[in-house]
Structure formats: structure tokens, C-alpha cells
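>>> sequence first, predicted coordinates after that:
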Amino acid sequence: YRKNLMNPELRRRGIYLLPNMLTTAALFSGFYAIVQAMNQRFEYAAVAIFVAMVFDGLDGRVARLTHTQSEFGAEYDSLSDMVSFGAAPALIAYVWSLKGLGRWGWIAAFVYCACAALRLARFNVNTAVVDKRYFQGLPSPAAAIRSLIRPASGLAAPGATRCRATRAPKSTPSSRRRGI
């Protein structure tokens with residue numbers, strides 16, 4: 001068993017798993033956010049997107065530190081980003097506040113999702129051309145977090161009277177007497 005661990009080829013293959021496991025954790029977080037949005041638990045969905053952002057930042061750093069960057073890892077990371085920072089925030093926004101707009105609501109959610117896909121595709125195509133010291137556009141995780149600030153804060157959706165996260169204040173004996 002010890003001999004196998006000393007084999008550089010086997011060790012290198014194991015190192016490739018680490019960044020891909022972090023990418024899988026980010027993908028799972030995005031999927032979890034979608035499930036929570038479908039269950040009307042928007043706070044959990046927003047936290048899951050934030051967790052996906054942390055894992056997304058870690059997978060690239062780990063790949064660079066261990067010198068295990070690969071074309072597969074880059075593509076897998078982009079697909080994970082599309083779920084976590086494209087589809088999940090679009091679905092959360094749709095279920096949370098855009099559903100009442102009917103067709104216009106799902107069109108707006110789709111436009112966000114399509115823009116995230118286009119941004120990731122452009123990034124993948126430009127990796128060999130663009131200077132890596134400079135970033136172009138808005139990173140997908142930042143766009144996702146920006147789109148989830150209001151649902152995560154517990155504020156009511158536009159047109160709603162009260163968000164599920166907020167509770168009515170408890171009545172006190174003095175407030176009942178005054179009719180409050």
C-alpha cells in the first residue's frame with residue numbers, strides 16, 4: 001500500500017481530484033439553492049449561493065497551488081458556475097418575486113440566466129487572448145450575490161405585503177387595550 005502512495009503518477013492523479021472536489025461542492029451548493037428556492041426557503045438559498053462562491057474561489061486557488069490546472073477543470077468549473085451563479089439566482093429571483101409577472105417574469109429570469117451563460121462562454125473563449133492580470137466584466141459570483149441581496153435580507157418582494165422571513169410583532173397587553 002505504501003508503495004502505491006510513493007508512485008508519482010498515482011499521487012499526481014490524486015492531487016487532480018482536490019480542485020474538482022471543490023468544484024463539485026460548489027455545484028452541489030448551487031443545486032441546493034435551487035431546491036431551497038422551490039421550497040420557498042430563500043434565506044437558505046441565498047446562503048447556498050454564498051457557499052458556492054467560497055468553493056468557486058477555492059477550487060481555482062487550489063489548482064494553481066498544486067499545479068493541477070487542466071482543460072477539464074476549467075470547463076467543469078464553468079459548468080458549475082453556470083448552475084451556481086446563472087441558473088440558481090435566476091430561479092430564486094423568479095420564485096421569490098418575478099412569478100407574479102407571468103410571462104414577463106420568466107423572461108426576465110431567463111435573460112439573467114442567458115447573460116450569465118454568455119459571460120462564461122466569452123470568458124472561456126478569451127482565456128488565451130486576454131491578459132490574465134486584468135479582469136473583464138462582472139464576475140459571475142458577484143452578479144449572483146448582487147441579485148440575491150434583497151431576498152437574503154428578508155425584505156418583502158415587490159408587491160408583497162410581508163416576506164415569510166419577517167414575523168409580526170408580538171402583541172403586549174397594553175397594545176391589545178389600545179387596539180394595536
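Sure thing, it's come through.
>>> could you list the low-pLDDT ranges of the protein?
Counting by pLDDT under 70, the chain contains low-confidence ranges at 1-15, 127-180.
>>> looking at it, which helix is longest?
helix 8-38 (DSSP state H).
>>> after it, next one along is what?
As assigned by DSSP states H and E, the chain's next helix or strand after helix 8-38 is helix 42-65.
>>> circling back to that earlier point, check which helices and strands the longest helix of the chain sits against.
Here helix 8-38 touches helix 42-65, helix 71-82, helix 88-93, going by 3 or more Cβ pairs under 8 Å, 6 or more residues apart in numbering; DSSP states H and E. (Glycine included, C-beta is placed from N, CA and C.)
>>> please identify the most buried of those.
helix 88-93 (a mean of 26; mean count of other Cβ atoms under 10 Å).
>>> which strands or helices does that helix pack on?
helix 8-38, helix 42-65, helix 103-126, helix 140-147.
>>> as CSV, those helices with distance to residue 89 would be great.
Output for the helices and strands packed on helix 88-93, formatted as CSV (distance: least, Cβ to Cβ, whole Å):
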stretch, distance to residue 89
helix 8-38, 8
helix 42-65, 6
helix 103-126, 7
helix 140-147, 4
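>>> the ones you listed: which one's closest to residue 91?
Among those, the nearest to residue 91 by Cβ to Cβ is helix 8-38 (5.4 Å).
>>> for that closest one, buried residues please.
Within helix 8-38, the residues that qualify as buried by neighbour count (16 or more other Cβ atoms under 10 Å) are 16, 18-20, 22-23, 25-34, 36-37.
>>> returning to what we had before: nearest to residue 117, of the helices and strands packed on helix 8-38?
helix 71-82 (5.9 Å).
>>> which other residues reach the closest one?
The contact list for helix 71-82 (Cβ atoms under 8 Å, 6 or more residues apart in numbering) reads 16, 19-20, 23-24, 26-27, 30, 52, 56, 59-60, 63, 116-117, 120, 123-124, 127, 140-141.
>>> got the angle for that helix vs helix 103-126?
160 degrees (axes from the mean of the first three to the mean of the last three Cα atoms, to 10 degrees).
>>> tilt between helix 71-82 and helix 8-38?
10 degrees.
>>> picking that back up, select, out of the helices and strands packed on helix 8-38, the one closest to residue 112.
helix 88-93 (4.7 Å).
>>> if you skip the residues just before and after it, what's nearest to residue 120?
residue 78 (5.0 Å; Cβ to Cβ, 6 or more residues apart in numbering).
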